[in-house]
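Engineer: Just to be clear, the model below is a prediction. Sequence and coordinates:
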Amino acid sequence: MKAYLFILGSRDQLAQESSAKLAHDAGIQEKDIRVIDNLAERAVSKDPLLSSLFIDHEDYMAGASRPRAAQALLSFAGVDAYSNRITWKALPYSEQALKDEYGVPWFPVIDRSRCTGCGTCEDYCLFSVYTSNRKSPLNGRIRVSSPLNCKTGCPACSRLCPTGALIFPFCAEAALNGSVENPQPRTQEDALTALGADPHKVLSERRAKKRLIDPDKFKLAENDRILYSGVL
Ligand code: SF4
Ligand code: SF4
């Protein structure tokens, strides 16, 4: 038996008819849909409710405004949101409401279906939002380990991810907030624009810099935030 969920963000104000639309498309009554609200807040606090979502039934239909963002948020919270037991359906939402209310909690999540574990995000971020165990060939997985270290309004690292795997759920920019189903991979030119002619050198310098507490680090990060925000 298939169970139905309606995943509701608190700030992007999904159109109220979304639950009805999911019910209509699935040929069920709206009362049979379970509504999960405040997904980002629940994910960042690792709300135990999330780990109980996909355990009672064999198959699920999950409706969300931006399924890629919902999957990445659930995955961040430890839920296997990429399981083939779950069919995801994109539902309408208000882009303007997201623009008006963009903000906190501001943090990146990783689209696990696209991340290659290259480590660019980890090297680039000066605030240790990401960690990994890249020295181990068996466990090179990048994790968002300190999400709230991320600077509100800074989506800088997402512009460098070569596969478009980084999602900022509260960013108004469609290419960065999970609205776009198949984001374009970043080009070599994008990397050159952002990192200069020697990206490896820049990343390695940033990697070293993050171990130091110095005013330059914050100045550099603030410049990144202003340069790359696209939403301020
Ligand atoms: S930059 Fe993108 S692909 Fe590389 S580790 Fe980070 S999220 Fe994964
Ligand atoms: S957006 Fe900026 S502060 Fe946030 S994780 Fe990326 S580089 Fe770090």
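Structural biologist: Thanks, I have it. Ligands and ions are numbered 1, 2, ... in the order given.
Engineer: Sketch out the low-pLDDT regions of the protein for me.
Structural biologist: Flagging of the chain using pLDDT under 70 yields the residue ranges 1, 9-16, 97-104, 134-140, 210-232.
Engineer: got the domain boundaries for it?
Structural biologist: 2-94, 109-229 (automatic domain parsing).
Engineer: Make JSON lines out of the ones you listed and add mean neighbour count.
Structural biologist: In this view, the C-beta of every residue, glycine as well, is placed from N, C-alpha and C. Shown next, in JSON lines, are those (neighbours: other CB atoms under 10 Å):
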{"stretch": "domain 2-94", "mean neighbour count": "18"}
{"stretch": "domain 109-229", "mean neighbour count": "16"}
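Engineer: Between those, which one is closest to ligand 2.
Structural biologist: domain 109-229 (3.2 Å; CB to the nearest ligand atom).
Engineer: List the contacts of the closest residue to residue 36 other than its chain neighbours.
Structural biologist: For residue 36, ignoring the flanking residues on the chain, the nearest one in space by CB to CB, 6 or more residues apart in numbering is residue 7 at 5.2 Å. For residue 7, the contacting residues are 36, 39, 62, 63, 64, 70, by CB atoms under 8 Å, 6 or more residues apart in numbering.
Engineer: what's the distance between the last one and residue 85?
Structural biologist: Translated: residue 70. According to CB to CB, to the nearest Å, residue 70 and residue 85 sit 15 Å apart.
Engineer: cool, and residue 50?
Structural biologist: 16 Å.
Engineer: got it, and residue 30?
Structural biologist: 23 Å.
Engineer: Check residue 187 too.
Structural biologist: Taking CB to CB, one finds residue 187 at 36 Å from residue 85.
Engineer: go on, residue 17?
Structural biologist: From residue 17 to residue 85 the distance is 27 Å (CB to CB).
Engineer: before we move on, what about residue 126?
Structural biologist: From residue 126 to residue 85 the distance is 39 Å (CB to CB).
Engineer: Spell out which parts of the protein neighbour ligand 2.
Structural biologist: The chain has residues 108, 124, 125, 127, 129, 150, 151, 154, 155, 156, 157 near ligand 2, with proximity defined as CB under 6 Å from any ligand atom.
Engineer: Sweet, I'm off.
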